[in-house]
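A.B. asks: Here's a sequence, model it:
(one chain, ligands or ions: 1)
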Amino acid sequence: MRHSAVSKISSAQGRKPAFQPIGDPISIEEFAADVRRGLTKDGQKELYSKYLYDDVGSALFDVITTLPEYGLFRADARLLRRHSASLAAAVGRPSLVIELGSGSGSKTRWILSELAVKQPIAYCPVDISEAALHRCWLELGYIDSVSIIPIAQSYLDGMDQALRLRPAGTSVLVLFLGSTIGNFDPDRAREFLTAVRHALEPGDVFYLSTDLEKDLNRMIAAYDDPIGATAAFNLNLLARINRDLGGNFDLSQFRHEARYDTRAHRIEMHLRSTRNQSVSVGKDLAVRFKRGETIWTESSYKFQRHDIRELAHATGFKCQAQWVDEEWPFAQSVLRVL
Ligand SMILES: C[S@@+](CC[C@H](N)C(=O)[O-])C[C@H]1O[C@@H](n2cnc3c(N)ncnc32)[C@H](O)[C@@H]1O
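C.D. replies: A predicted model of the protein is given here:
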């Protein structure tokens, strides 16, 4: 349904070919099973952060990226603009660029434009949100010598699909921007980089953005802004459960919360129940919440520069260069496959 609606918009705008992402992101059964598991587990209730990004969530995320408090987006953009030429030189002549969790891809235009000067480029944004991919396709569809092949799939499956498009004997650039790696706990981040490393070939480059640890107030404000955009983004997860799984969450009885765990070096987003209540999801799931109990919806780990170099080394990459934004401490690292 969503897919054909998107295609209609595209053809109405006269764009050829129509928006046709490859892949099949998340089934309703998988979403229902994850919600059941997360809300009925002993101890801390939790929901996977990937479910924050339905059509509404992706649109709200785009709003968040424009907020003065969300400095990491602009730091990432500044670094990409400033260092695109050096990055292009570091990767040589890739004919395939893959972006994991691309979102609307708005920061990627500088590096694509830089690379496409030398030769035609295939660009594969990989994202579970079709709405985000559609915006990406609209945003980057005009760059000369760049053909876009959107892949609606999870990170690693999507990357595997994209890698099948590699022309023999050429190198690949994989982008992972927005400090999205911070959504993984340290063990998963290491497993993830190891899996990326195994899928790539010597000479390929993985370009990784990471938000660096900084003043507590600045970090918290980025996830708890005064106009409530991040709160809406977080609460939309409950609204999504209501819409897609027949839940009856009363959103006015949950409150957005962002806190920093100084020992784990992570922002945690939670939804706090403001009273004792029972919520049903579909016909056969009932969940009780105590007043004050929370659902943990997202982690955003913060890094030191050396963390990335160590992670790279431990997972079979060489950190060839690292660029840091001083205005909003943030790093981009060029990780080359050895
Ligand atoms: C924090 S946003 C970053 C977006 C963009 N890269 C940026 O820098 O602004 C994370 C993006 O990853 C996507 N995403 C989340 N979990 C995913 C998963 N498991 N597989 C693929 N995409 C995912 C979301 O839909 C969202 O567009």
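
A.B. asks: near the ligand, which residues of the stretch 51-200 of the chain?
C.D. replies: Listed as neighbours of the ligand in the stretch 51-200 of the chain under the rule Cβ under 6 Å from any ligand atom: 53, 58, 61, 65, 73, 76, 101-103, 126-129, 132, 154-155, 177-178, 180. Placement of C-beta: from N, CA and C, glycine included.

A.B. asks: burial of whichever residue of the stretch 151-300 of the chain sits closest to the ligand, as a residue count?
C.D. replies: Closest contact between the stretch 151-300 of the chain and the ligand, by Cβ to the nearest ligand atom, is at Gly178 (2.3 Å). Using other Cβ atoms under 10 Å, Gly178 is surrounded by 22 other residues.

A.B. asks: try Pro150
C.D. replies: Neighbours around Pro150, by other Cβ under 10 Å: 25.

A.B. asks: follow-up on the earlier one: tell me which residues touch the residue of the stretch 151-300 of the chain closest to the ligand, please.
C.D. replies: When contacts are counted by Cβ atoms under 8 Å, 6 or more residues apart in numbering, Gly178 touches 72-73, 76, 101, 103, 209.

A.B. asks: Put together TSV for those, with pLDDT on each row.
C.D. replies: Below are these laid out as TSV (pLDDT from 0 to 100):
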residue	pLDDT
Leu72	98
Phe73	98
Asp76	98
Gly101	98
Gly103	97
Ser209	98
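
A.B. asks: Centroid-nearest residue for this protein?
C.D. replies: Compute the mean C-alpha point of the chain, and by Cα atoms, centre = their mean the closest residue is Gly101, 4.1 Å away.

A.B. asks: which ones are touching the residue nearest to it when sequence neighbours are not counted?
C.D. replies: Excluding the flanking residues, the one nearest Gly101 by Cβ to Cβ, 6 or more residues apart in numbering is Thr180, at 4.6 Å. Shown in contact with Thr180 (Cβ under 8 Å, 6+ apart): 100-101, 209.

A.B. asks: ok, back up a step: filter the contacts of Gly178 down to the ones in strands?
C.D. replies: Here DSSP state E is the test, and these give Ser209 as lying in strands.

A.B. asks: host element of Ala231?
C.D. replies: In the assignment (DSSP states H and E), Ala231 maps to helix 229-245.

A.B. asks: Check the offset of that helix from the chain's centre.
C.D. replies: Computed by Cα atoms, centre = their mean, to the nearest Å, the chain-centroid distance of helix 229-245 equals 17 Å.

A.B. asks: Also stretch 58-72?
C.D. replies: Here the centre of stretch 58-72 is set off from its chain's centre by 13 Å, with Cα atoms, centre = their mean.

A.B. asks: Same question for stretch 204-214.
C.D. replies: For stretch 204-214, the separation from the chain centroid amounts to 13 Å (computed by Cα atoms, centre = their mean).

A.B. asks: Sort out which residues of it are buried, please.
C.D. replies: Across stretch 204-214, burial judged by 16 or more other Cβ atoms under 10 Å covers 204-213.

A.B. asks: And the strands in the stretch 101-250 of the chain?
C.D. replies: 121-126, 146-148, 172-176, 205-211 (DSSP state E, counting those that start in this stretch).

A.B. asks: how close does Ile227 get to Pro329?
C.D. replies: Distance, Ile227 to Pro329, using Cβ to Cβ, to the nearest Å: 24 Å.

A.B. asks: Which one of the strands of the stretch 101-250 of the chain lies nearest to Ala18?
C.D. replies: Between Ala18 and these, the shortest gap by Cβ to Cβ is with strand 146-148, which sits at 12.3 Å.

A.B. asks: partners of that closest one, with directions?
C.D. replies: Neighbouring strands of strand 146-148 in its sheet, by DSSP bridges, are strand 121-126 (parallel).

A.B. asks: circling back: Ile227 and Pro329: which is more packed in?
C.D. replies: The residue with more neighbours, out of Ile227 and Pro329, is Pro329; 20 against 10, by other Cβ under 10 Å.

A.B. asks: Report the contact partners of the more buried one.
C.D. replies: Contact partners of Pro329, counting by Cβ under 8 Å, 6+ apart, are 75, 211-214.

A.B. asks: and those residues as JSON lines, adding distance to Leu96?
C.D. replies: Formatted as JSON lines, the contacts of Pro329 follow (distance: Cβ to Cβ, whole Å):
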{"residue": "Ala75", "distance to Leu96": "27"}
{"residue": "Asp211", "distance to Leu96": "27"}
{"residue": "Leu212", "distance to Leu96": "30"}
{"residue": "Glu213", "distance to Leu96": "34"}
{"residue": "Lys214", "distance to Leu96": "35"}
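
A.B. asks: Taking these, tell me the two that lie furthest apart.
C.D. replies: Top of the distance list for the contacts of Pro329 (Cβ to Cβ): Ala75 and Glu213, 13.5 Å.

A.B. asks: All the helices of the chain, residue numbers only.
C.D. replies: For the chain, applying DSSP state H gives helices covering 2-12, 28-40, 55-64, 71-91, 109-116, 130-140, 155-163, 186-199, 216-221, 229-245, 305-314.
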